[in-house]
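K.L.:
pasting the structure only:
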């Protein structure tokens, strides 16, 4: 496992007229080892940009991302990514989609088969290993995306609104599955959402961000014990979180 420390992160983009647009401003927080840290904040404040910087798709203009492993820093850990849509190849079977990610991570063929079977079983989809994604429900496809991110045995898992594209009942089942696996596997997770109840259910820690440019608004430890059930405690904590996050959106183009 690894811990992520974000230190004084800053990020700019260029507007169409060439003027700079700051999206992240002096942002510092930590995603603790083996815990689920949830990021919440207004739309457009830079949450996805931060995830893309962590995985290496973007580069910060200032500040640093430090990965701590057993008290040592410098080694870049394996990072898994669960997107809003599962991004599965429709001409590959479920097992082949997961195997392709494992092949990219350098996992030997014999081990790829064993890992695929193991992680499909963890998300209760082992019977669908040889089906094509087209024939599965949206919730099932999203569980495949989760299994794929976990199967590479990533030490840090990034989740960018992974349940936003499914209905609430399906999302609730997916949250239960994901929270169970987070507790079982003890991966370090950074989870982006706009749903305060989802943040209350999923998190061990919550980072709330301001409107663009994103700055740290609050860092909150979740007081609720695990395992969790949906009920009044979740919604009460969600209401508490609502008092700590600005809901104003930056409408700048």
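P.N.:
Yes, it's here. Just so it is clear, the structure is predicted and the values come from calculations on it, not from any experiment. Residues are numbered from 1 along each chain as shown.
K.L.:
Quick check, central residue of this protein?
P.N.:
residue 159 (1.7 Å; C-alpha atoms, centre = their mean).
K.L.:
you'd agree residue 145 is in a strand?
P.N.:
No: going by DSSP: H, G, I helix; E, B strand; the rest coil, the assignment for residue 145 is helix, not a strand.
K.L.:
That one touches residue 83, doesn't it?
P.N.:
Yes: contact criterion C-beta atoms under 8 Å: residue 145 and residue 83 qualify, at 6.7 Å. No exception for glycine: its C-beta is placed from N, CA and C like everyone else's.
K.L.:
Give me the common contacts of those two.
P.N.:
residue 162 (C-beta atoms under 8 Å, 6 or more residues apart in numbering).
K.L.:
Of these two, give the one with the bigger neighbour count.
P.N.:
Neighbours per residue, other C-beta atoms under 10 Å: of residue 145 and residue 83, the larger number sits with residue 145, 25 against 17.
K.L.:
Which strand or helix spans the residue nearest to the more buried one when sequence neighbours are not counted?
P.N.:
Of all residues not flanking residue 145 in the chain, residue 86 sits nearest, at 3.6 Å (C-beta to C-beta, 6 or more residues apart in numbering). Assignment of secondary structure by DSSP states H and E places residue 86 within no helix or strand.
K.L.:
Residue 86: what's it in contact with?
P.N.:
Residue 86 touches 133, 141-142, 144-145, counting by C-beta under 8 Å, 6+ apart.
K.L.:
let's see it at 6 Å
P.N.:
141-142, 144-145 (C-beta atoms under 6 Å, 6 or more residues apart in numbering).
K.L.:
Show me the one in the residues you listed that has more neighbours than the rest.
P.N.:
Neighbour counts for the contacts of residue 86 (other C-beta under 10 Å) peak at residue 142, which has 28 neighbours.
K.L.:
Just list whatever residues bridge to residue 80.
P.N.:
residue 157 (DSSP bridges).
K.L.:
so it makes contact with residue 157?
P.N.:
Yes: taking C-beta atoms under 6 Å as the definition, residue 80 is a contact partner of residue 157 at 4.4 Å.
K.L.:
Residues that sit against both of those two, list them.
P.N.:
residue 149.
K.L.:
Phi, psi for residue 88 please.
P.N.:
phi -90, psi 150 (degrees, to the nearest 10).
K.L.:
Could you pull up the contacting residues of it?
P.N.:
For residue 88, counting by C-beta under 6 Å, 6+ apart, the contacting residues are 97, 133.
K.L.:
The nearest residue to residue 213 once chain neighbours are set aside - how many residues pack around it?
P.N.:
Leaving aside its chain neighbours, residue 213 sits nearest to residue 25 (3.8 Å; criterion: C-beta to C-beta, 6+ apart). Close neighbours of residue 25, defined as other C-beta under 10 Å, add up to 19.
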